[in-house]
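K.L.:
requesting a structural model of the entry that follows:
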Amino acid sequence: MVDNHQKNLATFIHLSTFSRFIIPFGNFIGPIVLWAANKEKSEFIDQHGKQAINFQISVLLYAIIIGTITVPFFIFNLFNGMDVIDFHGFHDFHINVGKPSPLLYIGGGLGALAIIGFIVELALIVRASLSARDGHIYNYPLTINFLK
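P.N.:
Purely as a prediction, here's the structure:
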C-alpha cells in the first residue's frame, strides 16, 4: 500500500525536473537528489525516480542528436552567396548556397520538431506527476532505461 508521503515524494521527483528553469542541470540534480535520499524507503519511489532520471537522460540524448543534425543545415545557409567549393581546375563546377535551399527547410523542420518535443516533454512530466499523485506507476514513452 502506497501512503500519501510516498505519493508526494514521487510527485516531487517528477516536478523537480522543472528546476532546470532556475538551476542549470536542475532537471538532473533535483530528481537524483530526491531519488537517492528516498529510494530505499519504498519501491514506488524507487521506480518513479528511475523513470524520471531515465526520461531526462533520454531527452538530453535526443536533443543532442537533433542539434547535431540541425546545426550543419544552418551553417550551410550562413554562407549565403559564397562559393563553398571552388576547384580552380574546373571552371564550371561550383556549389552556391545563396538561395533559400532545402537545407534551410530541413533545418527549420528539425528545429520545429525540437520545439514540439519540448512541449510534449513538459506535458509528459505533468502527466507522470499526476500519475504519481494518484499512486500509479508511470512509464514515460520513448525512454531508454539507463537505470534498471
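K.L.:
would you state the strands of the protein in chain order?
P.N.:
Applying DSSP state E to the chain gives strands spanning 83-86, 94-96.
K.L.:
helices of this protein, start to end?
P.N.:
4-15, 26-38, 43-78, 102-133 (DSSP state H).
K.L.:
buried residues in the longest one?
P.N.:
This means helix 43-78. 44-59, 62, 70, 73, 76-77 (16 or more other Cβ atoms under 10 Å). (Each C-beta comes from the backbone N, C-alpha and C, glycine too.)
K.L.:
tell me how many other residues crowd Asn145.
P.N.:
If you count neighbours by other Cβ atoms under 10 Å, Asn145 ends up with 12.
K.L.:
which residues are in contact with it?
P.N.:
Neighbouring residues of Asn145 by Cβ atoms under 8 Å, 6 or more residues apart in numbering: Lys50, Asn54.
K.L.:
could you check how far it is from Ser58?
P.N.:
Asn145 sits 9 Å away from Ser58, going by Cβ to Cβ, to the nearest Å.
K.L.:
now do Asn4
P.N.:
29 Å.
K.L.:
go on, Arg127?
P.N.:
16 Å.
K.L.:
what lies in contact with stretch 50-68?
P.N.:
13-14, 16-17, 27-28, 31-32, 35, 110, 113-114, 117, 121, 124-125, 128, 137-140, 142-148.
K.L.:
equivalent analysis for stretch 120-130, please.
P.N.:
Identification of contacts with stretch 120-130 by Cβ under 8 Å, 6+ apart yields 11, 14-15, 17-18, 48, 51-52, 55, 59, 138, 140-141.
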